[in-house]
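Engineer: would you be able to build a 3D model of this:
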Amino acid sequence: MRRIIYDVAVSLDGFICASDHDVSAFPAEGSHVTAYLERLAGYDTVIMGRTTYEFGYRFGLVPGARAYPHMDHHIFSRTLSVPPTADVTVVRDDQAGALRRLCAARGGDIYLCGGGILAGWVARQRLLSLLRIKRAPVVLGSGVTLFEGLAAPVRFTLIRSTAHDSGVIFSEYAVQGA
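Structural biologist: Residues are numbered from 1 along each chain as shown. Take a look at the predicted model:
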């Protein structure tokens, strides 16, 4: 079974972006960025929600295009509109079944790119394997939380933690019982 890995930046107060989806407060340079880019090369599939996918439009992503060229894309949304020639798969129906089939298919690790709503849903499905967080030395005060909509605790075991010169702390956690 393929692993789903949530690899995400988070503020000290637990937000993955500000209320307006702004991420500019997060450090964009430093050894943590190099390490993240190296990890990206290890994923062959990415899953994300509509808001995360459309966030890429701000940076020139064309609707229907891949945000990460080397990865197979699955966007979980009932409302996203992409051209018929899209190079991404929009998962509209039987999302839980589609995710389970994706996990059971051949391939490498699955990158859960975001956002917090999708991450909470994946955790509730009990399909999350690892959490890789880049804790930034910033407090946002409000925004999108790391996990939205959890009704019960999800327990993790720390695997490793690394401090970077930027002040970012990278930590990797295994989901207990995964």
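
Engineer: closest to the centroid, which residue in this structure?
Structural biologist: Nearest residue to the geometric centre of the chain (Cα atoms, centre = their mean): C113, 2.1 Å.

Engineer: continuing past the helix or strand that contains that residue, what's the next helix or strand?
Structural biologist: Assigned by DSSP states H and E, C113 falls within strand 109-114. Where DSSP H and E defines the elements, the next helix or strand beyond strand 109-114 is helix 116-124.

Engineer: quick one: that next one to chain centroid distance?
Structural biologist: In terms of Cα atoms, centre = their mean, to the nearest Å, the centre of helix 116-124 is found 10 Å from the chain centre.

Engineer: what packs against the following helix or strand past that helix?
Structural biologist: Using DSSP H and E, the next helix or strand after helix 116-124 towards the C-terminus is strand 128-135. Identification of packing neighbours for strand 128-135 by 3 or more Cβ pairs under 8 Å, 6 or more residues apart in numbering; DSSP states H and E yields strand 4-10, helix 31-40, strand 169-175. Every residue, glycine included, has its C-beta placed from N, CA and C.

Engineer: do that again at 7 Å, thanks
Structural biologist: Contacts defined by 3 or more Cβ pairs under 7 Å, 6 or more residues apart in numbering; DSSP states H and E place strand 128-135 against strand 4-10, strand 169-175.

Engineer: where does this protein have low pLDDT?
Structural biologist: Applying pLDDT under 70 to the chain flags no residue at all.

Engineer: circling back: could you say which of the helices and strands packed on strand 128-135 is packed most deeply?
Structural biologist: Among the helices and strands packed on strand 128-135, strand 4-10 has the highest mean neighbour count (mean count of other Cβ atoms under 10 Å), at a mean of 23.
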